[in-house]
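K.L.:
whatever this is, show me its structure:
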Amino acid sequence: MPRLFTAIEIPREVGLGLSLLRGGLSGARWIDPENYHVTLRFVGDVDDATGRDIMLMLGQVRRPSFDLTLDGLDQFGGHKPRAVFASVKATSALMELQAEQERLMQRLGLGAEGRNYKPHVTLARLRDASSRQVADYLATRGPYRSPAFHVPRFVLFSSRDSVGGGPYLVEAAYPLL
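P.N.:
Alright, predicted model coming up:
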């Protein structure tokens with residue numbers, strides 16, 4: 001089975017707004033707007049049996065739908081920037097949904113996620129961009145804020161083993177109440 005992860009899809013109109021932030025940063029590999037998402041839990045490469053177990057386990061999630069807002073831009077990597085992203089305003093509903101999925105994956109025997117969860121939408125992966133260039137980019141575009149958008153479901157995505165940034169395929173969708 002391909003590489004799997006759970007995520008929240010970004011509505012088309014929000015993705016369009018994010019796409020207007022593209023450009024002006026050398027060494028950036030910009031993510032295509034149709035591949036924007038908020039990762040909930042990275043699963044990785046699993047065999048078909050584990051993939052089916054994950055699909056079934058995720059079907060047990062019963063959480064209410066909620067609204068999200070993207071609030072500001074930032075970067076991962078510190079002095080060696082590796083990605084630029086739009087921050088997601090962390091709501092209790094989002095954090096509870098992510099924590100439940102983390103518990104479910106561990107119950108299936110998958111290792112715990114090694115990093116603290118920071119909800120975000122990756123806009124670009126960086127190669128050879130200086131921290132100064134990234135700081136300048138963020139200074140001119142950092143005040144970004146999206147309109148609130150409704151999250152009616154989460155999905156299980158698969159991706160090809162590639163450099164990253166898609167294309168992603170929805171393997172299963174799970175409605176929120």
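
K.L.:
so residue 118 is in which element?
P.N.:
Residue 118 is part of no helix or strand, with elements assigned from DSSP states H and E.

K.L.:
before we move on, what about residue 26?
P.N.:
Per DSSP H and E, there is no helix or strand for residue 26.

K.L.:
again with residue 96
P.N.:
Counting by DSSP H and E, residue 96 is part of helix 92-107.

K.L.:
just checking, what packs against that helix?
P.N.:
With contacts taken as 3 or more C-beta pairs under 8 Å, 6 or more residues apart in numbering; DSSP states H and E, helix 92-107 sits against strand 37-45, helix 48-58, strand 66-68. C-betas here are computed from N, CA, C, even on glycine.

K.L.:
quick one, strands of the chain?
P.N.:
3-9, 28-30, 37-45, 66-68, 70-76, 83-88, 120-126, 149-151, 153-159, 168-175 (DSSP state E).

K.L.:
before we move on, back to that, any chance of CSV for the helices and strands packed on helix 92-107, columns distance to residue 82?
P.N.:
Formatted as CSV, the helices and strands packed on helix 92-107 follow (distance: least, C-beta to C-beta, whole Å):
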stretch, distance to residue 82
strand 37-45, 15
helix 48-58, 28
strand 66-68, 24
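
K.L.:
in a markdown table, list those along with distance to residue 24, mean neighbour count and mean pLDDT.
P.N.:
Output for these, formatted as a markdown table (distance: least, C-beta to C-beta, whole Å; neighbours: other C-beta atoms under 10 Å; pLDDT from 0 to 100):
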| stretch | distance to residue 24 | mean neighbour count | mean pLDDT |
| --- | --- | --- | --- |
| strand 37-45 | 23 | 18 | 96 |
| helix 48-58 | 38 | 15 | 96 |
| strand 66-68 | 26 | 18 | 98 |
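
K.L.:
nearest to residue 108, of those?
P.N.:
With C-beta to C-beta, the closest approach to residue 108 among the helices and strands packed on helix 92-107 belongs to helix 48-58: 5.7 Å.
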